[in-house]
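Asker: here is the input, now give the coordinates:
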Amino acid sequence: MPSDMRERTLEQDHELFLRLKTDPTAIGEAYDAYAARLYGYLLKRCGHKETAEDLVSQTFMKLLESLPTLEWKNAPLSAWLFQVSSNALIDHFRKASTRRDVALDLEDWDPPGADDPAWHAELVLEGEKLRSLLGELAPRDQEVLDLKFFAGLETAEVAAQLEVSPNHAAVLVYRALGRLRKKYLQTQSL
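Answerer: Below is the predicted model:
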C-alpha cells in the first residue's frame, strides 16, 4: 500500500509535527503522507486538476509558513491540512465567483479492467448518476461524503475536520450515505 494511503497514528503525526518544527525538510514526508488525499478531496470539490494541484501546493506552503507559531493540538495533522485546504478552496471560489461543486473532468480517467465495453459503459452511466445525485444532497452531506470517500479520511479525521466527536462523524457519514442511497434507489424505480 503506498505511504500516502496508509493510516497514520496520532503518535506518528505528533512525531512528524515535532520534526517539522525543527527541520522543515520533513515537509517531504508530510507531503508524501497527505498530498494524494488532499488532491482527491480538492479535485472532487472544484473539478479542475490544475486548481486542485495549486491548492495542495498552497496548503503545504501555508504549513511551512505557519510552523514557527503552529502548536500541537493533539489532533491529526490531516485535520489542520484539510481545514487549510478547505479555506483555500473557499478563497479560490470567492475570487473566481464560481460555483463550489462541479462535475469532474473524466477525459483522463482510465478505470482498471476497461477491456469490457459493456462494463465500461455501465460504470460510466452509474458514475454520472451518482455524481448528479451527490449534487442534489445538502451541502453538509456533500462535505461529509467528500471527506470520507473522495479525500479518503478515516472517521476520526472526518470528525476532527468537522469539529465533532468521532461517533457523531460516523452518524453523519451513515445518514448522508442513507440519503444518497434513497435517492439512488428512487432513480432505479423510474
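
Asker: export only the CA atoms of stretch 25-33, formatted as CSV.
Answerer: Included here for stretch 25-33 are C-alpha records, laid out as CSV according to Å, rounded to 0.1, in the frame of the first residue of the first chain:
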residue,chain,number,x,y,z
THR,A,25,12.9,19.4,5.2
ALA,A,26,10.5,16.9,6.9
ILE,A,27,7.8,18.6,4.8
GLY,A,28,8.5,16.0,2.2
GLU,A,29,7.3,13.2,4.5
ALA,A,30,4.1,15.3,5.3
TYR,A,31,3.6,15.8,1.6
ASP,A,32,4.0,12.1,0.8
ALA,A,33,1.6,11.2,3.6
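
Asker: switch to numbering from 52
Answerer: Sure, I'll start counting at 52 from here, so that last one is stretch 76-84.

Asker: tell me which helix or strand comes right after the lowest-mean-pLDDT helix or strand in the chain.
Answerer: Taking mean pLDDT, DSSP states H and E as the measure, the chain has helix 168-187 as its least confident helix or strand, at a mean of 73. The first helix or strand that comes after helix 168-187 along the chain, using DSSP states H and E, is helix 190-196.

Asker: buried set for that next one?
Answerer: Under the neighbour-count criterion of 16 or more other Cβ atoms under 10 Å, helix 190-196 has 192, 193, 194, 195, 196 buried. Bear in mind the C-beta positions are built from the backbone N, C-alpha and C, glycine included.

Asker: again with stretch 222-232
Answerer: Those would be 223, 224, 227, 230, 231, for stretch 222-232 by 16+ other Cβ under 10 Å.
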